[in-house]
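A.B. asks: need a 3D model of the following:
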Amino acid sequence: MESITWQFVSLVTLAAPGQEISVTKLIADASPVVKLVLLVLVLMSAVSWYIIAYKFIALRRANRESELFLEAFWQSKQLDQIYQTSEKLKRSPISQIFRAGYIELSKLRSGSRSGETMHGQLGDLENIERALSRAQNSERVHLEAMVPWLATTASAAPFVGLFGTVWGIMSSFVNIAAQGDAKLTTVAPGIAEALVATAIGLVAAIPAVIFYNHFVAKMRVLESDMENFGNDFLNIVKRHFFK
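C.D. replies: Predicted structure coming up:
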């Protein structure tokens with residue numbers, strides 16, 4: 001009992017004012033390996049927060065402009081007028097799908113009239129359908145850009161922090177072996193250093209996984225809207241241009 005009390009007093013003395021063990025001091029006194037781990041985690045977190053801010057704004061604009069475009073699309077009866085509206089809403093993935101379909105339709109209507117035969121009509125419809133499909137794939141890739149980094153950070157950061165934790169614990173045991181005792185003053189700095197690496201790993205991972213799931217949900221809604229609009233646009237083309 002006296003031994004435990006003496007070790008506790010020794011640790012408190014070490015952490016007395018002027019000699020307290022702060023997080024900053026732990027990081028400054030950390031081994032090069034742990035410092036490298038902390039640097040990697042900080043960089044991963046910084047990149048993740050940049051992506052979070054960028055994608056949050058981008059997806060919000062895409063959703064808002066898509067709503068405006070769909071409202072204009074269903075209220076207007078002239079494709080030319082809708083095309084002009086789509087030029088003002090370029091952040092909307094749905095407007096870009098419309099543009100791709102409209103441009104392909106314009107090429108077919110102004111080119112050779114192969115659509116006068118049944119075989120020609122089917123070929124023209126396939127061309128428009130392919131244009132819509134290419135636009136959907138392109139917009140899907142654009143929406144998903146940079147988001148995989150959040151998944152990587154969410155899955156890898158805890159393990160990177162765990163590596164720093166293991167290294168810090170190893171350093172503690174090395175200090176114990178070197179000094180020949182297991183006092184709290186010998187073990188505590190290494191353990192605290194290890195816990196700092198774990199904490200920073202979690203700080204990097206938790207926001208990444210939260211916003212990754214948020215963005216995936218938003219992108220699924222937009223992708224569903226794109227697919228539905230592509231089908232609606234193709235049906236409109238069939239009814240009005242290929243009779």
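A.B. asks: helices or strands next to the longest helix anywhere in the chain in the packing?
C.D. replies: Ranked by residue count and defined by DSSP state H, the top helix of the chain is helix 184-241. Helices and strands touching helix 184-241, by 3 or more C-beta pairs under 8 Å, 6 or more residues apart in numbering; DSSP states H and E, are helix 2-14, helix 23-28, helix 32-75, helix 93-110, helix 118-144, helix 147-179. Backbone N, C-alpha and C define where each C-beta goes, glycine included.
A.B. asks: roughly how far does the residue nearest the centre of the chain sit from Tyr212?
C.D. replies: Centroid-nearest residue in the chain: Val147, 2.6 Å away (criterion: C-alpha atoms, centre = their mean). Separation of Val147 from Tyr212 (C-beta to C-beta, to the nearest Å) stands at 7 Å.
A.B. asks: could you do Met146 as well?
C.D. replies: Counting by C-beta to C-beta, the gap from Met146 to Tyr212 is 11 Å.
A.B. asks: of those two, who's got more company?
C.D. replies: Tyr212 (23 against 15; other C-beta atoms under 10 Å).
A.B. asks: now the more buried one: closest residue in space that isn't a chain neighbour?
C.D. replies: Among residues not flanking Tyr212 along the chain, Leu150 sits closest, at 4.0 Å (C-beta to C-beta, 6 or more residues apart in numbering).
A.B. asks: that neighbour against His214, yeah?
C.D. replies: No. Counting by C-beta atoms under 8 Å, Leu150 does not reach His214; the two are 9.6 Å apart.
A.B. asks: give me the neighbour count for Phe163.
C.D. replies: For Phe163, the neighbour count with other C-beta under 10 Å is 18.
A.B. asks: and the nearest residue in space to it that is not next to it in sequence, how far from Ser171?
C.D. replies: Nearest non-adjacent residue to Phe163, counting by C-beta to C-beta, 6+ apart: Val37, 6.0 Å away. Relative to Ser171, Val37 is positioned 12 Å away (C-beta to C-beta).
A.B. asks: point out where the protein drops to low pLDDT.
C.D. replies: Within the chain, the segments meeting pLDDT under 70 span 1-23, 26-30, 110-123, 175, 179-190, 241-243.
A.B. asks: need phi/psi at Lys90.
C.D. replies: phi -70, psi -20 (degrees, to the nearest 10).
A.B. asks: Provide a list of residues in contact with the residue lying closest to it once chain neighbours are set aside.
C.D. replies: Take Lys90 and drop its neighbours on the chain: the residue closest to it by C-beta to C-beta, 6+ apart is Gln96, 7.1 Å away. Applying C-beta atoms under 8 Å, 6 or more residues apart in numbering, we find Gln96 in contact with Ser86, Lys90, Ala135, Ser138, Glu139.
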